[in-house]
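**Q** quick one, structure for this:
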Amino acid sequence: MIAKQKIDDSKVIGLKNTSRSFLKQLEGILFYSSASYLALLVLNVLLSSFFGFSLLANYISDLGSTSVIPFPYIHDLICVFGGLISLPVNFFVRKKLRIVYKSSKHSVLFVELGVALGIIGNVGYMFLGVFSLDRAGPGDMYHGIIAFISFGGYIVSIFFFSLNIILSHKCKLRRLGLFGLIAPVTLLLAYCAFSVPIFEWLLLSTILLFLFLLDYYVFKL
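**A** Sure thing, here's the model as predicted:
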C-alpha cells in the first residue's frame, strides 16, 4: 500500500509539473505573440508611409481602406490577429491581479470588470478587421459601432485594471496604475475635442503600451 501510494503521488507530481510546464510555454507564446503584433503594426505603418500614409493626416482606420493604401488586407489581418491572441491573456491577467487584495473589498470586482470589458475590446478589435473602411456598411455605420465597442472596451478595462493596481498591489506597479487611470481618458477627451488623427494614434499607443507592460508583469518573462 505504501509503495502504491508513493507511485500515485509521483504521478500527481508529474502531472502538476507537466501542467506548469505547459502553462509556462503558453505564457511565452502569448507574450511573444503580443510583441509580434506590435511589430507588425509598426511595420505596416512604416510600409504605408511609402504610399503617402501619415500619422498626422490619416486616421488608424485609413490603413484598412483601398482609397488610401493598396494593401488594406494587411491591417485587417493584423486587427484579427491582435484581438485573437489577446483573448486568452485576459484570464492570465485575472489570475495574477487577484493574488493581492490588501484592504480593498472592491478589488475583486475591478478585476472581473476589467477582464469582461477587455474581452469585449478584443472581440471588437477582431471585428474591426472584418468591418474595415472597405466594408464599413451604410454611412460607415458598422465600422463606427465596432470601433466604439473596441476602443471603449479597452479604455474602461484599463481603467478598472488600474484601480485594482492602485488599491491592491505593490508600489512598483503604482506608476502603471496611475498611467492607466489618467493617460487613456485624457487622450480620449483630447481626441473628442479636436478630432485630429494624431490624438487617435496617441490613444492607441497608450492602450497598447499599458497592455504590453501589464502582460510583461503578468508573464514575467
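**Q** below-threshold pLDDT in this structure: ranges please.
**A** Across the chain, the ranges flagged by pLDDT under 70 are 1-18, 100-105, 169-171, 221.
**Q** try it again with 90
**A** For the chain, applying pLDDT under 90 flags the ranges 1-26, 95-109, 164-174, 217-221.
**Q** this structure: helices as residue ranges?
**A** Along the chain, counting by DSSP state H, helices occupy 2-49, 72-97, 107-130, 141-168, 174-194, 197-219.
**Q** any chance of the ones you listed in CSV, plus mean neighbour count and distance to Asp62?
**A** Every C-beta, even on glycine, is put in place using the N, C-alpha and C of the backbone. Converted to CSV, these look like this (neighbours: other C-beta atoms under 10 Å; distance: least, C-beta to C-beta, whole Å):
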stretch, mean neighbour count, distance to Asp62
helix 2-49, 13, 8
helix 72-97, 19, 9
helix 107-130, 20, 13
helix 141-168, 20, 11
helix 174-194, 16, 15
helix 197-219, 18, 8
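**Q** mind checking which of these is nearest Leu55?
**A** helix 197-219 (5.1 Å; C-beta to C-beta).
**Q** who touches that closest one?
**A** Contacting residues not belonging to helix 197-219 are listed as 27-28, 30-31, 34-35, 38, 41, 55-60, 86, 89, 92-93, 96, 151, 154-155, 158, 161-162, 173, 176, 179-180, 183-184, 187-188, 190-191 [C-beta atoms under 8 Å, 6 or more residues apart in numbering].
**Q** mind running it again at 7 Å?
**A** The contact list for helix 197-219, computed with C-beta atoms under 7 Å, 6 or more residues apart in numbering, reads 27, 31, 34, 38, 55-60, 89, 92-93, 96, 154-155, 158, 161, 173, 176, 179-180, 183-184, 187-188, 190-191.
**Q** got the phi/psi numbers for Val196?
**A** Backbone dihedrals for Val196, given as degrees, to the nearest 10, come out at phi -110, psi 150.
**Q** before we move on, back to that, now the helices of the chain in TSV, with distance to Ser65?
**A** TSV is the format used below for the helices of the chain (distance: least, C-beta to C-beta, whole Å):
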stretch	distance to Ser65
helix 2-49	11
helix 72-97	6
helix 107-130	12
helix 141-168	10
helix 174-194	19
helix 197-219	13
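**Q** among those, which is nearest Thr66?
**A** Between Thr66 and those, the shortest gap by C-beta to C-beta is with helix 72-97, which sits at 5.5 Å.
**Q** what angle separates the closest one from helix 107-130?
**A** Inter-element angle recorded for helix 72-97 and helix 107-130: 170 degrees (by axes from the mean of the first three to the mean of the last three C-alpha atoms, to 10 degrees).
**Q** mind giving me the packing neighbours of helix 72-97?
**A** Under the contact criterion of 3 or more C-beta pairs under 7 Å, 6 or more residues apart in numbering; DSSP states H and E, helix 72-97 touches helix 2-49, helix 107-130, helix 197-219.
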